[in-house]
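Enquirer: Take a look and give me a structure for this.
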Amino acid sequence: MTAAAPESSQRNYRFFFWLLLTATTLVRLALADSIGLGVDESHYALYARRMAWGYLDHPPMVSWLAAPGLIYGDTSLPFRFLPILCNALSLVLLRALAIQLWKDERVAFWALAVLTLLPYQHLLMVALLPDAGLNLFWCATLLSFRHAILGSRRWPWALTGLFWGMALLAKYHALLLPVCMAGYLLTSRTQRRWLKTPLPYAALAIGMCVYSPNLIWNAENGWISYLFHLNRAGAGGFGIGNALSAIGGQLAAWSPLMLGLLVAAFAVIVRRAPPSDRQRFVLWFSLPVFAFFVGIGFFGKVLPHWTSPGWWCGSLALASITLSKVSAGNREAVRWRRTFTIGAVVGLSMTAALYVCLYQPIVEPVYRHLRSASLRLNRHIPSSRPLPPYQPKFDISNDLFGWNETAVQVNSILQTMPRPQETFIFTHRFFEASQLAIHLPEDVVVTTLGRRADQYRLWFDPDEYLGWDALFMDVDRRRQGPGRYRSLFEQAQADAGSWEVKRDGRPIRKISLHRYSGYRGRYQR
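Expert: Numbering: from 1, shown residues only. All right, here's what the predicted structure looks like:
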């Protein structure tokens, strides 16, 4: 348990919290318009053009966050403004939860500091992603639930249900919240009594009512979202490679030492017999999230940031345990202080490297030096494999650049087609389709025609475009090129041209356009 700091110290930490929150929010707003939309951001921005209660991989809230971008132009800031605001409000709610649990401004400040030290968290705090809405309503659910179990009024339970339903409309990860609530209530002698009352179940019913439009949408569309995620989770059997990938992704996204400190904080709480009520609370709303997604990662593909909701209470657990350990004044305090300091330096270094990679094309020169070293090693140890020659796709930050100029070029070629009003554009993958489409006029039809089902299967009805002409945009000549789609059209015409897209004078991708006529109304088999 952390002893409360003097009132003057409380005021100082309160000031530091608001200063850090304001500074980081202003920096995010300043940086938001300096780079183009990412792969996922472009795709989600298109959701706002086709408002619905659901999409292939997500509920509808991300489309609501993207809507200002369509009103105020195609620059990046309008698309990212509401996500940045949502994440700032999430941090305000996190502070309120910290004060409610510990009545200590130090815990609130250091929880914010922990989140600021996580490299991938910086991307989640800026980008147009479903996580922005999830973060806001996840934190709102936690705060209202805490007020509900500590009081005697019914309205906090109603708010808990409302906020949980909104979290579900943001991202399906919110399904874990009732599991965390049940685990906390079942293991708490003082709070277990709530399970014998109708209030938690009423909150659950309210949440499902709020979420029901997406449920109805899925029922009308063959449960497409649920099947998509179930197939994704069970994509492969258990394997050591999957396990290492899942754990390695967590270490890279959240900084190895900070993640290690979080695990150590969990261990401290679990070893206490019994842990305090507030420690049990933050444990149940963080550890199960990590356990679930890392566990799923042993069998299928899991993106590292899927565990990010666990960091909201996880940051409180880490901050409170670190404060209690450091204040002990013994050898263990020295170890915790030293480890946290080194972890902060590593986290800041990783974050700085992330920003440098976003704004400066340094991956190529660094990679070339590493490849030279691997070639020298191969000459001395022939069994070692040298790195392959550098390709622009190795630098994923290149995906943020050049799409506006590409759209201008593609649109000008589109206007030279015999029937530009009856010509659609298609690509191999939905990533490139979305990054192109968001910069084209809304009436230009862009889609994919590949084997794999994606969101464009819901947006593009082949029967509506029978006999149309098409332009195929091939990026870096992937997957057998234009011949792959020849059978879908009556005739393949002459190529429409090719060019290189550059970033600071360096080629980052090659675009090739190919003409087709007489669409047969099919997808690739």
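
Enquirer: Remind me which helix or strand the closest residue to residue 298 other than its chain neighbours belongs to.
Expert: Of all residues not flanking residue 298 in the chain, residue 243 sits nearest, at 4.8 Å (Cβ to Cβ, 6 or more residues apart in numbering). Where C-beta positions appear, they are placed from N, C-alpha and C, glycine not excepted. Using DSSP states H and E, residue 243 falls within helix 240-254.

Enquirer: Now do that helix: which elements does it pack against?
Expert: helix 119-126, helix 256-271, helix 287-297 (3 or more Cβ pairs under 8 Å, 6 or more residues apart in numbering; DSSP states H and E).

Enquirer: can you give me the angle the last one makes with helix 256-271?
Expert: In other words, helix 287-297. Per axes from the mean of the first three to the mean of the last three Cα atoms, to 10 degrees, the angle that helix 287-297 makes with helix 256-271 is 120 degrees.

Enquirer: likewise the first one?
Expert: Here helix 119-126 runs at an angle of 90 degrees relative to helix 256-271 (the same axes, to 10 degrees).

Enquirer: first vs last residue of stretch 383-391, how far apart are they?
Expert: For stretch 383-391, the first and last residues are 24 Å from each other (Cα to Cα, to the nearest Å).

Enquirer: Distance from the chain centre to the one helix or strand residue 168 maps to, please.
Expert: Assigned by DSSP H and E, residue 168 falls within helix 155-170. The gap between where helix 155-170 is centred and where its chain is centred comes out at 21 Å by Cα atoms, centre = their mean, to the nearest Å.

Enquirer: I'd like the helices and strands packed on helix 240-254 as TSV, with mean neighbour count appended.
Expert: Formatted as TSV, these follow (neighbours: other Cβ atoms under 10 Å):
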stretch	mean neighbour count
helix 119-126	22
helix 256-271	18
helix 287-297	19
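
Enquirer: give me phi/psi at the nearest residue to residue 254 once chain neighbours are set aside?
Expert: Sequence neighbours aside, residue 118 is the residue nearest to residue 254 in space, at 5.0 Å (criterion: Cβ to Cβ, 6+ apart). The phi/psi pair for residue 118 (degrees, to the nearest 10) reads phi -90, psi 120.

Enquirer: Roughly how far does residue 118 sit from residue 270?
Expert: Distance check for residue 118 against residue 270: by Cβ to Cβ, to the nearest Å, it reads 22 Å.

Enquirer: residue ranges of the helices in the stretch 1-150 of the chain, please?
Expert: Here the stretch 1-150 of the chain has its helices, by DSSP state H, counting those that start in this stretch, at 7-32, 39-47, 61-71, 76-102, 105-116, 119-126, 130-150.

Enquirer: how about the ones you listed, which one is nearest residue 496?
Expert: helix 39-47 (22.5 Å; Cβ to Cβ).

Enquirer: Run through who's touching the closest one.
Expert: Helix 39-47 is contacted from outside by 37, 55, 58, 60, 62-63, 66, 69-70, 79-80, 127-130, 399, 403, 430-431, 434-435, 437-438, 455, using Cβ atoms under 8 Å, 6 or more residues apart in numbering.

Enquirer: Now do that helix against helix 76-102, angle only.
Expert: Angle, helix 39-47 to helix 76-102, by the same axes, to 10 degrees: 100 degrees.

Enquirer: Could you number the chain from 51 rather than 1 from now on?
Expert: With 51 as the first residue, the last one maps to helix 89-97.

Enquirer: Mind giving me the packing neighbours of the helix or strand following the helix holding residue 218?
Expert: Sequence order places helix 226-236 as the next helix or strand after helix 205-220, per DSSP H and E. Counting contacts by 3+ Cβ pairs under 8 Å, 6+ apart, helix 226-236 is packed against helix 180-200, helix 205-220, helix 249-270, helix 327-334, helix 337-347.

Enquirer: If we use 10 Å, what do you get?
Expert: helix 180-200, helix 205-220, helix 249-270, helix 327-334, helix 337-347, helix 360-376 (3 or more Cβ pairs under 10 Å, 6 or more residues apart in numbering; DSSP states H and E).

Enquirer: returning to that earlier point: need the helices and strands packed on helix 290-304 in JSON lines (columns: mean pLDDT and distance to residue 494).
Expert: Shown next, in JSON lines, are the helices and strands packed on helix 290-304 (pLDDT from 0 to 100; distance: least, Cβ to Cβ, whole Å):
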{"stretch": "helix 169-176", "mean pLDDT": "92", "distance to residue 494": "28"}
{"stretch": "helix 306-321", "mean pLDDT": "94", "distance to residue 494": "44"}
{"stretch": "helix 337-347", "mean pLDDT": "92", "distance to residue 494": "38"}
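
Enquirer: what's the closest of those helices to residue 66?
Expert: From those, taking Cβ to Cβ, the stretch that ends up closest is helix 169-176, at 18.5 Å.

Enquirer: Per-residue pLDDT of residue 537, please?
Expert: Residue 537 carries a pLDDT value of 92.

Enquirer: hang on, it packs against residue 574?
Expert: Yes: shown here, residue 537 and residue 574 form a contact pair, counting by Cβ atoms under 10 Å, at 8.0 Å.

Enquirer: what residue of the protein is the furthest out?
Expert: For the chain, the residue at maximal distance from the C-alpha centroid (Cα atoms, centre = their mean) is residue 430, at 42.5 Å.

Enquirer: For residue 418, see how far away that one is.
Expert: In this view, residue 430 and residue 418 are 20 Å apart by Cβ to Cβ.
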